[in-house]
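Trainee: Predicted structure and sequence below. I'll ask about it afterward.
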Protein chains: 2
Amino acid sequence: MSIAADLIRGHTDAVILSVLMRRDSYGYDINKTILLSSGGAYELKEATLYTAFKRLEDAGAVSSYWGDENTGARRKYYTITDKGKEMYRQLYSDWENAKCIIDSLMYKEK
Amino acid sequence: MSIAADLIRGHTDAVILSVLMRRDSYGYDINKTILLSSGGAYELKEATLYTAFKRLEDAGAVSSYWGDENTGARRKYYTITDKGKEMYRQLYSDWENAKCIIDSLMYKEK
DNA sequence: ATAAATACCTTGACAGGCGATGTATATCCG
DNA sequence: CGGATATACATCGCCTGTCAAGGTATTTAT
């Protein structure tokens, strides 16, 4: 079961930053990482991913550099900045908060 | 602490239907109910609310009728249909599912 | 050779949230 | 009485984020 597009929307930045909290990585790999660790349920489309990188870089949350592969296609790596780490912590706490609120609003049939 | 717009987006329909699972209600009251039961954290803007009613009615999830108040402003009541109840159950299960997936994607600092 | 996987990126359409604005009624307070 | 505030509906147009479609280039497997 996969996640609806409008649910994706609220979490794209957090999920990308979450990968970068662990290690530097590049677009294609970040995408595959998210897809794999969600068991195929959470998939960012490429256009969404690159839009997000642009947004995050403009916001100063990540910075990028080209990898120096002597083999394979060129890779653009991203690093999370201090500002990005701060942003991630905020987004994570927003998520914890939203979980409670939404849960409390959802009618439970018995 | 309030919920970000892009988080709202993914849950508007579910939250409205959730109120209507309990009882028939009208726009202004649904809005106040959500605002109150979230302790002011989850607020649907009026434009968002009425857009959602239109969407839900077009989808056959709710139906509406005018209240017969002899006093106060006129109220348009909404009832959830069987289709709407089914939709709500789906949205609720989507939410339960999304919670797990997103949680599993979020980096936890220790 | 050809297909598939890796890897990047842009454009334009579309959907949903929401600020601004408008209507009308009722109530509260001085 | 008159102005402010609350109740209650609704629409228009902007903005933002997703994503289908399309494009380029390299490497690996068949």
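Mentor: Looks like it came in fine.

Trainee: quick one: secondary structure of A:Thr48?
Mentor: Put simply, A:Thr48 is helix when judged by DSSP: H, G, I helix; E, B strand; the rest coil.

Trainee: Name the nearest residue to it, sequence neighbours excluded.
Mentor: Excluding the flanking residues, the one nearest A:Thr48 by C-beta to C-beta, 6 or more residues apart in numbering or on different chains is A:Thr12, at 6.4 Å. C-beta: built from backbone N, CA, C; applies to glycine.

Trainee: for chain A, what are the low-confidence residue spans?
Mentor: Chain A contains residues with pLDDT under 70 at A:1, A:70-72.

Trainee: now do 90
Mentor: Low-confidence segments of chain A (pLDDT under 90): A:1-6, A:68-74, A:109-110.

Trainee: interface residues of it facing DNA strand D?
Mentor: Chain A comes close to DNA strand D at residues A:5, A:8-9, A:12, A:44-48, A:51-52, A:55, A:71-73, as judged by C-beta under 7 Å from any atom of the strand.

Trainee: Could you tell me which of these belong to helices?
Mentor: With DSSP state H as the criterion, helices contain A:Ala5, A:Ile8, A:Arg9, A:Thr12, A:Glu46, A:Ala47, A:Thr48, A:Thr51, A:Ala52, A:Arg55 from among those.

Trainee: For A:Ile102, which residues are in contact?
Mentor: Contacts of A:Ile102 were listed using C-beta atoms under 8 Å, 6 or more residues apart in numbering or on different chains, and they are B:Ile3, B:His11, B:Val15, B:Tyr42, B:Trp95.

Trainee: the strands in chain A, which residues?
Mentor: A:25-26, A:62-66, A:76-80 (DSSP state E).

Trainee: Nearest approach to chain B belongs to which of those?
Mentor: strand A:76-80 (10.1 Å; C-beta to the nearest C-beta).

Trainee: returning to that earlier point: which of the strands of chain A sits closest to DNA strand C?
Mentor: With C-beta to the nearest atom of the strand as the criterion, DNA strand C lies closest to strand A:25-26 of these, at 3.3 Å.

Trainee: partner strands of the closest one, parallel or antiparallel?
Mentor: Applying DSSP bridges, strand A:25-26 is found paired with strand A:76-80 (antiparallel).

Trainee: now the angle from the strand it pairs with to strand A:62-66?
Mentor: Angle, strand A:76-80 to strand A:62-66, by axes from the mean of the first three to the mean of the last three C-alpha atoms, to 10 degrees: 150 degrees.

Trainee: Now do strand A:76-80: distance to the chain's middle.
Mentor: Put simply, strand A:76-80 sits 12 Å off its chain's centre (C-alpha atoms, centre = their mean, to the nearest Å).
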